[in-house]
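>>> Take a look and give me a structure for this.
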Amino acid sequence: MSFDAELDAKGLNCPLPILRAKKAISALSSGQVLKIIATDPGSVKDFEAFCNQTGNELLSSAEAGGAFEFMIKKS
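Got it, this is the predicted structure:
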């Protein structure tokens with residue numbers, strides 16, 4: 001899946017991945033996609049809630065090698 005920006009949030013604990021994602025998404029235009037890589041297991045529920053609250057679309061959520069990858073499309 002293609003993306004327009006990438007955020008490396010590995011090693012950061014809640015709420016830092018969400019706060020950094022919020023800042024990164026604000027720099028994008030509507031329809032652009034942000035890829036986030038995080039290691040905090042709590043980030044799975046956090047990004048689901050973040051997208052529900054902000055109206056952005058969680059395109060995918062996956063785990064690979066202890067890291068979580070999220071693709072979020074800006075509304």
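>>> which residues of the protein fall in helices?
In the chain, the segments counted as helices under DSSP state H are 16-26, 43-54.
>>> Can you check which of those helices gets nearest to Ile36?
Closest of the helices of the chain to Ile36 is helix 16-26, at 5.5 Å (criterion: C-beta to C-beta). To be clear about C-beta, it is placed using only N, CA and C from the backbone, and glycine gets the same treatment.
>>> residues of the closest one that come out buried?
17-18, 20-21, 24-25 (16 or more other C-beta atoms under 10 Å).
>>> Take the helices of the chain and lay them out in a markdown table including distance to Phe70.
Shown next, in a markdown table, are the helices of the chain (distance: least, C-beta to C-beta, whole Å):
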| stretch | distance to Phe70 |
| --- | --- |
| helix 16-26 | 8 |
| helix 43-54 | 5 |
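>>> Nearest to Met1, out of those helices?
helix 43-54 (15.5 Å).
>>> quick one: that closest one to helix 16-26, angle?
Going by axes from the mean of the first three to the mean of the last three C-alpha atoms, to 10 degrees, helix 43-54 is angled at 40 degrees with respect to helix 16-26.
>>> Quick one: distance of helix 43-54 to the chain centre.
Centroid separation for helix 43-54 versus its chain: 8 Å, with C-alpha atoms, centre = their mean, to the nearest Å.
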